[in-house]
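J.: Structure for the following, please:
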Amino acid sequence: MPALYLFNRRTLLAGDDLQLPSIVWGAGFAAELFILLPYLLFYTVELTLTTSATPNKNDDYFAELDKQIQRMQTEECDNATSGYTDKIFCYLMLAYQAGMAIFCVTSLFYEQKILRLTSLGTPTLGLELRASLGKLIERKMTVLTGVNLFLLMFGLVSTLRFISPYLYCFPKFFWMVVFIMFMIQGLQCIFNITTLFALWRAAPSTSNAIDSEATFYHRHVEHTHQHDDIEMAEEIWQNRCHGCCRIMAISTCFMFGGKNIVSQSTDGGVEKFYGDISRALADYFHGSGSESLDVVPSDVALGFVILRHIQAQRKLLARREALQQPNTSSIRSSPGTSLLFRWVLETRGLDESRISDPDETYQTFSRSLLTQSNPDDYATLEEGARFARHQLAAYTWILYFYEYPLTGGLRLFGRCLKARLACSQTANSGMIQRGDSYERCAMSSDGEIGERAISDVDEMNRDHIVGDNFLHIHEATMLAHAGLNKSDIAYASFESGFYETPYFIVIDREWKSIVVSIRGSLTLEDCVVDVLLDPSPLDALGEKYGFDGTDQYCHGGVLECANWLHADLMKHKILEKLLLGNAEYSDYTLRIVGHSLGAGIGVILSLMLRNTFPDLRCTCYSPPGGFITWRLAKECSDFVKTFVLDSDLVPRLSINNMERLRDEVLHLLARVKISKYDIAKRIFSLSGEVELGDLDFLLQENEDLLYPQDDIPDSEFLRQLQRFERIQQERRSSRGVSRSINLYPPGRIVHLVKTGQSKNCLHGVAGCISCGLSNAGFEYTPIRKENDDFNEIEISPTLWTDHFPNRVCMEIEKVAKSFGIDT
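T.: Purely as a prediction, here's the structure:
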């Protein structure tokens, strides 16, 4: 920061973001100057010196040169150059190469100067040292780009004019190098011209790079005119969100949904579906004119990286201090108990004390570990492992081929082949088999009767499987995920819309359960439902379905989906036919299973069905954090069990946590004492998990990176930040009750916490290839947590991948196996 201004237009880069681009551009120019041009120059000079006369082979000094000249003394080259007298192409190429050499030297000088300037100062201090950077880049993008374009056209025209006659005078690799030179020049020109065109289209700014008070928000919503009006900001965010969803839908050929998004734009649905998120984003980023922040994306990324180290420091420091206290000895010696740490949330005023202190340690508290000897813990983990495959199966073919990108097709073919073989073994049975095969089969010694039986089964399939394609790929992959038989399916709906959520009902005979599995967020329509953030009251719903919803709220999008799913169940009456009265499975237990959005829907659906099915159980995997108010989150613990994997973002995702994350990142930026480039070198030189590292080393590293909290130097950014926070607080108060309601994840929570890492070179390779996103080799410990323990977003490389349903399933099964549970 601040943002870099070029031609009086604001860019997405800061003046201290250009180290890596400068190095890359410099490497390209150096390769042209010291590798490609000398090679071209050698052969061009050779041809220039070549004549039709026989060279003097007795001169040892020119012996090697003579060999090269002899190679060019071919009949084709002699004819092309009229006996080596017409060498205009050689002279043109020499002129081109001389011009390129001068251009590359000049460009290297510019890149060196840019690299030096962009490395000066810190993100918030020493900005005047980079004041000349903008003008330097403007000259590079105009004058040097013009020279480069002229040289490119000169070289292209010369080559195309003479390539035919001179083709046989040079080796093939010579022409490949010429092509590479032209390609590099072309890419450089295209990039610079495109950037110039984008800057020309952008609205001019009245601010400059040093005293600018342009905003992070303006980067997203800059329009022909700058608007301070919050309503206009919300409208622009609505249009941007809707436009982004439309582009994603069309660009992916609707593979991940989006048809409803494209069609609803003509039905006035923009405000309905994007109103909540547009208000949240407008509040999250928007200041008010001169009360705004000048922050660019690299500043935010830097803040996240530093915050990860600060969070690790808090954990390690709290652990050390807690273990040094005498009163923790009983906790440490108690079996099945663990010391854990979390942030203490305090209400503060609007003065400078509003700035949080990242050096604070977490509050120490104890939580119970799940142990193999405890029957309740064993049963909880066994249940979680059993139905983890059901939540995974709801994602059908997309996740199946994500898990098995190379072998998925072969696996499905193998299941089909197994089914056919099973059917052939019953050729003389004269009955429909419903066994361990992928398909029901009907065989008889009477072929006509067998075919009629198969036809009857297919007709039955069409009645209870809705929304599948002609290949039945959803059904096939659902069965493959969960290891189910086709005869276990009672009903399945794969249709998806804004509130229409895919789900299936299967019969689990081993556990004597009827399982309703609800899919989580997968399509663009699901993402739109996810951002219906404003809490909806549950008073009327509780009165209708017999639970106490007085003064209780839940996520608005989840409630709409739960209402649709309940209505669909009532329409088909599948559960009543299976469980009520003298039904075949009346002694079975109803279980509702879901992941992410599906987990939230499952909880509300459970509240709606409990009066009808009193023994109902609900198993949630990675439910949304901003989901339900405290009383209901705790009261449903009797029948709702929740599983969360390590640093999963979604169970921590709420407006309060997001605002807290934003404030912490901004406060850390104000404390940075060295340049971004130096920070990057320090951070990325560290290896392994910082949460499992050495506390003393981490304390020293953070001290070298940041000014002390009570000694932050004054800067324009710090003053902007204090003004920005006052406006944010006022705006939050103006939103009313919707922003004062705290929402939590539901049920009795089991948190799989990362507690170790096995030392294996394969695990290290996996982590390196995936840039730290892999969880290979990590060891997890199941710990019971309270619903308000997830009050902070943990910055981790796996904060998003820990939410993937296949990873959640895999890690729960691993932990279950360590308990001796057969999965």
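J.: Report the mean per-residue pLDDT for stretch 278-296.
T.: Average pLDDT, stretch 278-296: 72.
J.: whoops, stretch 164-177 was the one
T.: pLDDT averaged over stretch 164-177 gives 82.
J.: Please state the offset of that stretch from the chain centre?
T.: 47 Å (Cα atoms, centre = their mean, to the nearest Å).
J.: ditto for stretch 188-202
T.: 28 Å.
J.: which residues are contacting that stretch?
T.: 6-7, 9-11, 28, 141-142, 145, 148-149, 152, 222 (Cβ atoms under 8 Å, 6 or more residues apart in numbering). To be clear about C-beta, it is placed using only N, CA and C from the backbone, and glycine gets the same treatment.
J.: who wins for neighbours among those?
T.: Among those, the one with the most neighbours (other Cβ atoms under 10 Å) is R10, at 26 neighbours.
J.: you'd agree that residue is in a strand?
T.: Yes: counting by DSSP: H, G, I helix; E, B strand; the rest coil, R10 falls inside a strand.
J.: Which strand residues bridge it?
T.: Y5 (DSSP bridges).
J.: what about the strands in the stretch 601-750 of the chain?
T.: For the stretch 601-750 of the chain, the strands defined by DSSP state E, counting those that start in this stretch cover 617-621, 640-645, 748-757.
J.: what's the closest of those strands to D17?
T.: Relative to D17, the nearest member of the strands of the stretch 601-750 of the chain by Cβ to Cβ is strand 748-757, separated by 32.2 Å.
J.: and that closest one, which strands flank it?
T.: Using DSSP bridges, the strands paired with strand 748-757 are strand 640-645 (parallel), strand 778-785 (antiparallel).
J.: phi, psi of P171?
T.: Note on P171: backbone dihedrals following degrees, to the nearest 10 are phi -70, psi 160.
J.: Nearest residue to it in space, please, no chain neighbours.
T.: Spatial nearest neighbour of P171, excluding adjacent residues (Cβ to Cβ, 6 or more residues apart in numbering): Y43 at 7.4 Å.
J.: Distance check, the one you found against R652.
T.: Y43 sits 63 Å away from R652, going by Cβ to Cβ, to the nearest Å.
J.: if we can go back for a sec, can you say which of the strands of the stretch 601-750 of the chain is nearest to Q238?
T.: Here strand 617-621 is closest among the strands of the stretch 601-750 of the chain (Cβ to Cβ), at 31.2 Å.
J.: Check the gap between M608 and L569 for me.
T.: Distance from M608 to L569, by Cβ to Cβ: 9 Å.
J.: Contacts made by stretch 22-34 with the rest, please.
T.: By Cβ under 8 Å, 6+ apart, stretch 22-34 touches 100-101, 104-105, 107-108, 111-112, 114-115, 118, 181, 184, 188.
J.: change it to 7 Å
T.: Stretch 22-34 is contacted from outside by M100, A101, C104, V105, S107, L108, E111, I114, L115, T118, M181, I184, using Cβ atoms under 7 Å, 6 or more residues apart in numbering.
J.: about what we covered before: including distance to I505 and pLDDT, could the contacts of stretch 188-202 go into JSON lines?
T.: JSON lines is the format used below for those (distance: Cβ to Cβ, whole Å; pLDDT from 0 to 100):
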{"residue": "L6", "distance to I505": "59", "pLDDT": "89"}
{"residue": "F7", "distance to I505": "62", "pLDDT": "89"}
{"residue": "R9", "distance to I505": "57", "pLDDT": "87"}
{"residue": "R10", "distance to I505": "55", "pLDDT": "85"}
{"residue": "T11", "distance to I505": "54", "pLDDT": "87"}
{"residue": "G28", "distance to I505": "60", "pLDDT": "92"}
{"residue": "M141", "distance to I505": "62", "pLDDT": "92"}
{"residue": "T142", "distance to I505": "66", "pLDDT": "93"}
{"residue": "T145", "distance to I505": "64", "pLDDT": "94"}
{"residue": "N148", "distance to I505": "65", "pLDDT": "95"}
{"residue": "L149", "distance to I505": "65", "pLDDT": "95"}
{"residue": "L152", "distance to I505": "65", "pLDDT": "95"}
{"residue": "E222", "distance to I505": "50", "pLDDT": "43"}
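J.: contacts for whatever helix or strand N148 lives in?
T.: Using DSSP states H and E, N148 sits in helix 145-166. If you take Cβ under 7 Å, 6+ apart as the criterion, helix 145-166 is touched by 80, 89, 92-93, 96, 99-100, 103, 178, 182, 185-186, 188-189, 192-193.
J.: Which ones among these map onto helices?
T.: 80, 89, 92-93, 96, 99-100, 103, 178, 182, 185-186, 188-189, 192-193 (DSSP state H).
J.: Could you check how far H242 is from D530?
T.: Counting by Cβ to Cβ - H242 and D530 are separated by 15 Å.
J.: For the stretch 301-450 of the chain, which segments count as helices?
T.: 329-333, 375-393, 396-403, 408-424, 447-464 (DSSP state H, counting those that start in this stretch).
J.: May I see the buried residues of the third one?
T.: Think helix 396-403. Buried residues in helix 396-403, counted by 16 or more other Cβ atoms under 10 Å: T396, W397, L399, Y400, F401, E403.
J.: relative to helix 408-424, how tilted is it?
T.: 120 degrees (axes from the mean of the first three to the mean of the last three Cα atoms, to 10 degrees).
J.: Which secondary structure elements does helix 396-403 sit against?
T.: Applying 3 or more Cβ pairs under 7 Å, 6 or more residues apart in numbering; DSSP states H and E, one finds that helix 396-403 makes contact with helix 473-482, helix 805-818.
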